[in-house]
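K.L.:
Predicted model and sequence below, questions to follow.
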Amino acid sequence: MARHVKGILFADYVRMIRGQKSVDWKRHLEEEDLVHLVARVEPGAWYPMATFERMGNAILKEIAAGDVEAARMWGRVSVDQLRLATPSLVADKDPLETLMRFKVLRSTFFDFEAVEVTTAASDHATIVLHYHMGAMAEEAASFQTMGFFERLLVVAEAEAIEARFTKRTWAGDGRTVLELHWEPPP
């Protein structure tokens, strides 16, 4: 089954690649991927997850020098852009409601169950990630997702946020599990 990602997320990768003119992207991308670098990316359209994975791997190698912490930072930065496009994403001073809103909106970003909020309470959440990619891409995407949720909780005014993986597919576990803990806003 072909999997897809929404243009609003796909466009971020295309922008990063376009911004690095000195890199020979043909070393990392296939012909079918390269057409997306010259075409306009429509925020509401669906794009192939396989291309998204190859672009992510290329960005990790060429821009982030293999550092998944850079992906985590990018995840944090991406929240503000997504908030502009989806103002209803964040509930002021309500991290739990914000996570519930994300849960509803998740299907607008991927056409498969890539990110599943399995537990959500006033001070913690468990999120299962399954992007169905190779180990390198899965690790980078998981760290990007960790950064995304850390920042999402910050803008919902959670405090003392802690995030950690309790299971990791790239380390041989059957699934990736992200645990989030925080103190609710006063």
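P.N.:
Yep, it's here. Nothing here was measured: the structure is a model prediction, and the numbers come from that model.
K.L.:
nearest spatial neighbour of residue 6, skipping sequence neighbours?
P.N.:
Nearest in space to residue 6, with sequence neighbours left out and distances taken as CB to CB, 6 or more residues apart in numbering, is residue 109 at 5.0 Å. For the C-beta atoms, the positions are set from N, CA and C on the backbone; glycine is no exception.
K.L.:
residues touching that neighbour, list them.
P.N.:
Counting by CB atoms under 8 Å, 6 or more residues apart in numbering, residue 109 touches 5, 6, 8, 9, 115.
K.L.:
Would you confirm that residue 33 contacts residue 53?
P.N.:
No - checked against CB atoms under 8 Å, the pair residue 33 and residue 53 is beyond contact range at 9.7 Å.
K.L.:
Helices - which of the contacts of residue 109 land there?
P.N.:
Of the contacts of residue 109, the ones assigned to helices by DSSP state H are 8, 9.
K.L.:
I'd like the contacts of residue 109 laid out as CSV, including neighbour count and distance to residue 47.
P.N.:
Output for these, formatted as CSV (neighbours: other CB atoms under 10 Å; distance: CB to CB, whole Å):
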residue, neighbour count, distance to residue 47
5, 21, 6
6, 18, 8
8, 19, 10
9, 18, 9
115, 22, 17
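K.L.:
Which one of the contacts of residue 109 is nearest to residue 27?
P.N.:
residue 5 (22.5 Å; CB to CB).
K.L.:
What residues are bridge-paired with that closest one?
P.N.:
Each beta-bridge partner of residue 5 is listed here: residue 47, residue 110, as defined by DSSP bridges.
K.L.:
Contacts only, for it.
P.N.:
The contact partners of residue 5, taken as CB under 8 Å, 6+ apart, are 46, 47, 48, 49, 52, 109, 110.
K.L.:
what's the answer for residue 60, then?
P.N.:
For residue 60, the residues meeting the contact criterion (CB under 8 Å, 6+ apart) are 66, 67, 68, 70, 71, 136, 137, 140.
K.L.:
make it 6 Å
P.N.:
Contact analysis of residue 60 by CB atoms under 6 Å, 6 or more residues apart in numbering lists residue 140.
K.L.:
That one and residue 165, how far apart?
P.N.:
Residue 60 is 17 Å from residue 165, where distance means CB to CB, to the nearest Å.
K.L.:
All the strands of this protein, in order from the start?
P.N.:
Counting by DSSP state E, the chain forms strands over residues 4-6, 46-48, 115-120, 124-129, 159-167, 176-183, given from the N-terminal end onward.
K.L.:
For residue 23, grab the count of nearby residues.
P.N.:
15 (other CB atoms under 10 Å).
K.L.:
what do you get for residue 41?
P.N.:
Here the number of neighbours of residue 41 (other CB under 10 Å) works out to 17.
K.L.:
Begin at 38 from now on, thanks
P.N.:
Got it, first residue is 38 now, which makes that one residue 78.
K.L.:
pLDDT (mean, whole number) over stretch 97-107?
P.N.:
Here stretch 97-107 scores 94 as its mean pLDDT.
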